[in-house]
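Chemist: Starting from these lines, generate the structure:
(one chain, ligands or ions: 1)
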Amino acid sequence: MFVRLLIMFYAITSYAVFLVSFMWAVGFVGNYNQLASKSIDVGDPTNVVEAILVDLLLLALFAIQHSVMARPVFKRWWMRIIPAASERSTYVLLSSLILLLLFWQWRPIPSPVWQVEGLAAGVLIGIHWLGWAIVLASTYMIDHFDLSGLRQAYFAWRGAEAPAQPFKTPLLYRLVRHPLMLGFLLTFWATPEMTIGHLLFATMTTAYILVGLQFEERDLIAQFGETYQRYRQRVPMLLPRMFGRRA
Ligand SMILES: C[S@@+](CC[C@H](N)C(=O)[O-])C[C@H]1O[C@@H](n2cnc3c(N)ncnc32)[C@H](O)[C@@H]1O
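Modeler: The predicted structure follows:
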């Protein structure tokens, strides 16, 4: 009983940390300094070389943790050390803590790359928020509570093991295979004021997403076999067909 309580408390705590990091992410990327005093373009000035090195190091730290801990082989090993019901919560907690470190220690490079005003700025801000909406909606289409680790803890609380997630293609997953990542790409790139620092962030996260998706799809094929192969042939990766070529 005590262990179950601990698993539940741990899952709720890690979800709370995730919510804080998500709110800071919104403030960070959009430079909403009411939400986040330090953001992608606002913070203490540093020299450009130091800023690039620190920012790349922070992004690499996130990419390594996020990729290694998502691999089935790592999960199997890790679940021999911690309860299976806490595996996802630990992943969420560590990812969120690293993101908080990134937002806190990020060195802005505020030199402008592009700057638009008026209607164009309004359109870009709209796309930026559409991206966040797609991100959030996609988590519910897959299973928000499974991705956050709360579902696994709830099953453990009831003395059962959470059943594995089935293969799903609801709503946006009929248009593209990775709507959640598409949402991030829209959010990261659509800005009326692109700076060098923001461009570095958008470029590196895009590269990470494109590489990360290769690994995720390899795991999905191993898990769902022929079903995922057929889905891959039918549905484009990131760009819906109405925009032309498959991505
Ligand atoms: C953070 S979600 C991102 C999902 C997807 N890459 C996207 O961008 O929308 C990652 C988890 O979703 C799972 N997943 C991805 N596509 C799925 C699908 N069509 N059905 C069920 N699970 C899926 C993966 O196995 C992984 O555990």
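Chemist: what's the following helix or strand after the helix or strand hosting residue 130?
Modeler: Assessed by DSSP states H and E, residue 130 sits inside helix 118-142. Counting by DSSP H and E, the element after helix 118-142 in chain order, helix or strand, is helix 144-147.
Chemist: Touching that next one from outside, list them.
Modeler: 88, 92, 139, 151, 152, 154, 162, 165 (CB atoms under 8 Å, 6 or more residues apart in numbering). Placement of C-beta: from N, CA and C, glycine included.
Chemist: Please repeat the previous calculation with a cut-off of 7 Å.
Modeler: 139, 151, 165 (CB atoms under 7 Å, 6 or more residues apart in numbering).
Chemist: Go through the helix or strand bottoming out on mean pLDDT in the chain and flag the buried ones.
Modeler: Least confident element among the helices and strands of the chain, by mean pLDDT, DSSP states H and E: helix 72-78 (a mean of 90). Neighbour-count burial for helix 72-78, counted by 16 or more other CB atoms under 10 Å, picks out residue 78.
Chemist: ditto for stretch 82-89
Modeler: In stretch 82-89, counting by 16+ other CB under 10 Å, buried: 83, 84, 85, 86, 87, 88, 89.
Chemist: Going by contacts, tell me the helices and strands next to the helix or strand encompassing the fifth one.
Modeler: What it means is residue 87. Following DSSP H and E, one finds residue 87 within helix 87-105. Judged by 3 or more CB pairs under 7 Å, 6 or more residues apart in numbering; DSSP states H and E, the packing partners of helix 87-105 are helix 2-30, helix 48-68.
Chemist: In a strand, residue 114, correct?
Modeler: Yes. Assessed by DSSP: H, G, I helix; E, B strand; the rest coil, residue 114 belongs to a strand.
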